[in-house]
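[1] starting from these lines, generate the structure:
(chains A and B)
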Number of protein chains: 2
Amino acid sequence: MVSRPEASPSEDLDQVRINTIRMLAVDAVQQSNSGHPGMPMDSAAMAYVLWTRFLRFNPRNPAWPNRDRFVLSAGHGSMLLYALLHLTGYDLSLDEIRNFRQWGSKTPGHPELGHAPGVEVTTGPLGQGFSHAVGMAIAEAHLAARYNRPGHPVVDNFTYVIASDGDLMEGVASESASLAGHLKLGKLVVLYSDNRITIEGSTDLAFTEDVGARFRAYDWHVQRVEGNNLIEVDDAIRKARAETTRPSLIVARTHLGFGSPNRQDTAKAHGEPLGDEETRLTKQNLGWPLEPSFFIPEEALAHFREAVARGRVAEEAWAAEFDAYAAAHPGLASELRDRLEGRLLPDGWDADIPEFAPGKGLATRAASGQVLNAIARNVPAIVGGSADLAGSNNTHLDGEDHLQAGNFAGRNMHFGVREHAMGAILNGMALSKAFIPYGGTFLIFSDFHEARDPAGGAHGQHVVYVFTHDSIGLGEDGPTHQPIEQLASLRSIPNLIVLRPADANETAEAWRVAASHSGGPVALVLTRQKTGTIDRATHGSASEVANGAYVLREAEGGGPDVILIGTGSEVGVALEAADILAIDNIRARVVSMPSWELFERQPAAYRDGVLLPDVTARVVVEAAGGFGWERYLGTRGRAVCMKGFGASAPAEDLMREFGFTAANVAAVAKGVLEGS
Amino acid sequence: MVSRPEASPSEDLDQVRINTIRMLAVDAVQQSNSGHPGMPMDSAAMAYVLWTRFLRFNPRNPAWPNRDRFVLSAGHGSMLLYALLHLTGYDLSLDEIRNFRQWGSKTPGHPELGHAPGVEVTTGPLGQGFSHAVGMAIAEAHLAARYNRPGHPVVDNFTYVIASDGDLMEGVASESASLAGHLKLGKLVVLYSDNRITIEGSTDLAFTEDVGARFRAYDWHVQRVEGNNLIEVDDAIRKARAETTRPSLIVARTHLGFGSPNRQDTAKAHGEPLGDEETRLTKQNLGWPLEPSFFIPEEALAHFREAVARGRVAEEAWAAEFDAYAAAHPGLASELRDRLEGRLLPDGWDADIPEFAPGKGLATRAASGQVLNAIARNVPAIVGGSADLAGSNNTHLDGEDHLQAGNFAGRNMHFGVREHAMGAILNGMALSKAFIPYGGTFLIFSDFHEARDPAGGAHGQHVVYVFTHDSIGLGEDGPTHQPIEQLASLRSIPNLIVLRPADANETAEAWRVAASHSGGPVALVLTRQKTGTIDRATHGSASEVANGAYVLREAEGGGPDVILIGTGSEVGVALEAADILAIDNIRARVVSMPSWELFERQPAAYRDGVLLPDVTARVVVEAAGGFGWERYLGTRGRAVCMKGFGASAPAEDLMREFGFTAANVAAVAKGVLEGS
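    You can find the predicted model right below:
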């Protein structure tokens, strides 16, 4: 047996417990021969204070809705979190920690939602976790404002973050910090581990700004502490919690790889195991037994595990509070419970979705605005806004308030010109399960959007992106605003549903999918310009949007010679092209294909029924870059698409000059049939 | 004839000239029935002061290397710039302004490089122009430090920016502003048009931070002025120029749509024509003749056109200075002239590129580091760095200094954890034509990268991106760090060359392409893990990388039954799979395809020689999402690729679990041949 370190005064006990975290991290990284020991070593003390004295959670029910949220934005320090989860009694065994970063373990290299219980959000790409936390704090503020009643604060939790210098260098964090200050998110507390080391060396190489002053400029409450001084950290967290009208940044001076005699305060402590010798020296230095590895002193474990009883009591107290609330406000309580449990679509939620009469047409963004409003009236979980383009994106909810500091119950959010933060914040809100958050911007700016963040796509947060101005059809604003590769780029993201509806009624169906698809994010891709509303009496039903692609108009007089496939505003062009071909007795089937992803989910028989395998003469028309369409074109088909970037001119001129005309599509179809 | 407005005192003359700018913008937007009048109206006064009193340029030679740079980061205000270009005597006729936003005009909706002379950079996506300007200022500082000699300041120009609140809300601008402050870029002067209006309404909706305080936190020199007060603006620019050790932000209180009685200071002034009636009222309000439109008072034109003589004198003086410099420092002057004229590859630039011996192998990132160094030794134009991952990206130039405030001549840049700003800054540097800038990060972070910005791709800036850790082969860091859709996403961008070399010698050839391809950006996609170095004595030559794809190993004993196509680290897997198939007498050709884009540029005969049209049994192996590969697989082939996101485990485990083994590839090939 190893001897237990001396630890009689309570300060020594604190240090032993803190070193327990540090050494679990060191040993796990060492065992996996891969990982980041430095950050857990630098932040263990403040994390200890936070987790044992402030953070309210129930290890036996990680889904307790009123828990405080903890976000490790510096996700590379995952072992800090795994150590805390194990020690405080979550269902994460020491064997899982021994299996750190191994196939099938619950302890991946960066915290991944859905692996270890207690991980609130996937983190790793710096700046993202910070921004998700802003979304989580907004979610809490909104639910509290909407559902709490005097004497019944049933929604009441803090969101805590540990962030690194890398997090605070990233632009997405700057964007969301500015918005968090604007919104006066008083229950957001960020501990910034200011260890002054980046991967390339000292922060003096590239990061010499005054971070505290910057956050004060954002209207944050800023404090400075020594990260290893428990009294200072305790006091700062206390003050941060007491400051209810500003988010708090606690700049904690820390020491990367604290305790390692030869690596502390060096970049080498960041991203590689200490190695056998330095591990030994570190343990000696901190008065830690050299053997066994993964040593957890009994007293330390017992102390951490008090969280289990504390958590049970806290949740039980909350449950009693909730019962009292339900007795006083049964309707409200029922709605809140539904939301907290993710039942977001009440019966009849889609009853008001309009049906659009055929005719001259409507921009799909305009139809989207009407449908969104028709759904949102019945679905309080729908909350969102735009990155300063609400009027252009048609994302405003009529008759609803602005979500602002004085009025968090508002449902119209204003993100400012901050596309990337918007995406991250939407994902953060979705994590609560109580929202179907949506955000609008121009499709071109989807590049800077969270749609492409694993935290969104990979883990199935239900977020709806409203991407308007979806092609050269936006006209005069020109190439900087005209998406080319963005559609392909979105389609290439696993687990994201992309929908580009052809007309107003397809837009209505697209929103039906978007609101009810709970398995991940959905992107709606919409026109600025008008598109004709197709007469459904003589064409396929718009309800087939849910199948991804469908026969919009069958060839007349026999099996089709050629299949014309269109998406969005170019479906109308395909229909006209079919008319032109008919004059020459060429039978063209027109397929509308709003969503590749939904089409791929259909049975082969359905897919073969739409894209008849024997009809290899096919033409796609889509005013985008065309990348990837070979999947449906085969080797014989051709795409009418953009070959490079767009131009600035009225939309009709652009469509003509770039070949998106019925005459050109018909000519290309003839070329395919003639083998030219 | 219309009467000319009264204008005898010089102040009145100033106002007439300023209103000339405003009214050209109003009339052009009105004529095109599309565009943004508000910003030119709010910023005309400060732009007038800048362009007539400070900005050094030669309208008759927009390429004069020592001109000051002007960046309209708020690119939607393009008419401000076009008005100034026309008035000061650039080759931009009034007819072009009448043709604002029309097909084929030189005056697209946002300033596009290569259309109107005098446009320094494409702007429109907010925050980007600001960040490009930081790159331009770095370029100037580096060239000055490297080439100027006492008494010979031949590189000496300012970079001026007009930015909007939208620019300063965007994270990319926050990133680059922080770096600009760190680097003490004293010759960067930003005029911030603080009009307090965004598209959704007042900046009170989402942007209430103290911008000046934030920039002071970045260590900028900050002043506040009234944007229409010429004396204050003049004084502030003077002080900004005198402040040589900090970049300057001039916060100018402006009024969106200044002069429009019903739209000034409202969001409606931003992005739509004033309309006939409000145009009339505005002209009346500013004492402007109602007719003709596009009216330019003679005195105003004459005053602006003094820029022509001033510019000629300035350039002549500089040419004389340069001659004196060349006499004193002929070698240096010759090198500088080459660089200013874009001749960046001296004879023998590639002489030191190593040839790697076949054998156990090397990560392609490691090979890249060696090759980069071998080229950079001979090519002073190669300057770059990494977003805090230099050691991992192998982007460090050995024996070269850090580029820092005290030492701008250094060639190793440190961008901090700021991928997006890095991309924009590299593009800004490339605009000078004197650099082949490069930047490294992990492939996963290419999402936040300028590679996807039209300012890079569309306009052919020669920038090299070094994207390492290019697949699940990076191992334990897990899904947040493992690129899936990024390769497809990059390939879908027009005008970007993507290269994923298979081994060390392909990496050498990829760099040869990257350094010499001057038509646009190049992305190198490189492994973290080792890849075997292929024996070129028995395989196709690595020099064929320039063809995009080539026969690496021919099937033995007759024409191939199947073609195995690999890229990067999976080429080795394809080679082994071919060996396995040979045991069953299946003849497999192995094609290495490092670059789709280069392959597409080859003649059809070459392409058909590599991917024999008659051999439709094909298998692609690439540890990425597989999106788009149908182009080369046809309808029969299959891809061994990722179907979703990755996982955290050692690389070998991941490769095995996800099917990137020779046995699996061989089995898939057999399946294709058997039609199963």
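[2] any idea which helix or strand comes after the lowest-mean-pLDDT helix or strand in chain A?
    Every helix and strand in chain A was compared by mean pLDDT, DSSP states H and E; the lowest is helix A:454-457, with a mean of 46. The helix or strand immediately downstream of helix A:454-457 is strand A:464-468, counting by DSSP states H and E.
[3] wait, residue A:367 sits on residue A:502?
    No. Using C-beta atoms under 8 Å as the test, residue A:367 is too far from residue A:502 to be in contact (10.7 Å). Using the backbone N, CA and C atoms, a C-beta is placed for each residue, glycine as well.
[4] export stretch A:148-161 as CSV, just CAs?
    Extracted in CSV, the C-alpha atoms of stretch A:148-161 (Å, rounded to 0.1, in the frame of the first residue of the first chain):
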residue,chain,number,x,y,z
ASN,A,148,-41.0,32.0,-13.7
ARG,A,149,-43.6,33.7,-11.6
PRO,A,150,-43.2,35.6,-8.3
GLY,A,151,-42.2,33.2,-5.6
HIS,A,152,-41.5,30.5,-8.2
PRO,A,153,-38.1,30.8,-9.7
VAL,A,154,-38.2,27.3,-11.3
VAL,A,155,-35.8,28.3,-14.0
ASP,A,156,-32.7,29.6,-12.3
ASN,A,157,-29.2,28.4,-13.2
PHE,A,158,-25.8,29.8,-13.9
THR,A,159,-23.6,29.0,-16.9
TYR,A,160,-20.0,28.7,-16.1
VAL,A,161,-17.1,28.5,-18.5
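[5] in this structure residue A:186 contacts residue A:239, no?
    No. Counting by C-beta under 8 Å, residue A:239 is not a contact partner of residue A:186; they are 11.9 Å apart.
[6] skipping adjacent residues, who's closest to the residue of chain A found nearest chain B in space?
    Relative to chain B, the nearest point of chain A is residue A:171 (2.2 Å; C-beta to the nearest C-beta). In space, and not counting its chain neighbours, residue A:171 is closest to residue B:171: 2.2 Å by C-beta to C-beta, 6 or more residues apart in numbering or on different chains.
[7] do you know the pLDDT at the residue of chain A closest to chain B?
    Looking at residue A:171, its pLDDT stands at 95.
[8] now it: phi and psi?
    phi -60, psi -30 (degrees, to the nearest 10).
[9] correct me if wrong: it contacts residue B:179.
    No. The pair residue A:171 and residue B:179 fails to qualify as a contact (C-beta under 8 Å) at a distance of 11.1 Å.
[10] name the residues contacting each of the two.
    B:418, B:421 (C-beta atoms under 8 Å, 6 or more residues apart in numbering or on different chains).
[11] returning to what we had before: residue A:186 and residue A:239 - which one has more neighbours?
    Shown here are residue A:186 and residue A:239; by other C-beta atoms under 10 Å in any protein chain shown, residue A:186 has more neighbours (20 against 14).
[12] and the more buried one, what does it touch?
    Residue A:186 makes contacts with A:243-247, as judged by C-beta under 8 Å, 6+ apart.
[13] and what of residue A:379?
    A:344-346, A:349, A:436, A:515.
[14] which of those residues fall within helices?
    Among those, the members falling in helices (DSSP state H) are residue A:515.
[15] so which of the contacts of residue A:379 sit within strands?
    Under the assignment DSSP state E, those contribute residue A:436 to strands.
[16] are any of the contacts of residue A:379 buried, and which?
    Buried residues within those, counting neighbours by 16 or more other C-beta atoms under 10 Å in any protein chain shown: A:344-345, A:349, A:436, A:515.
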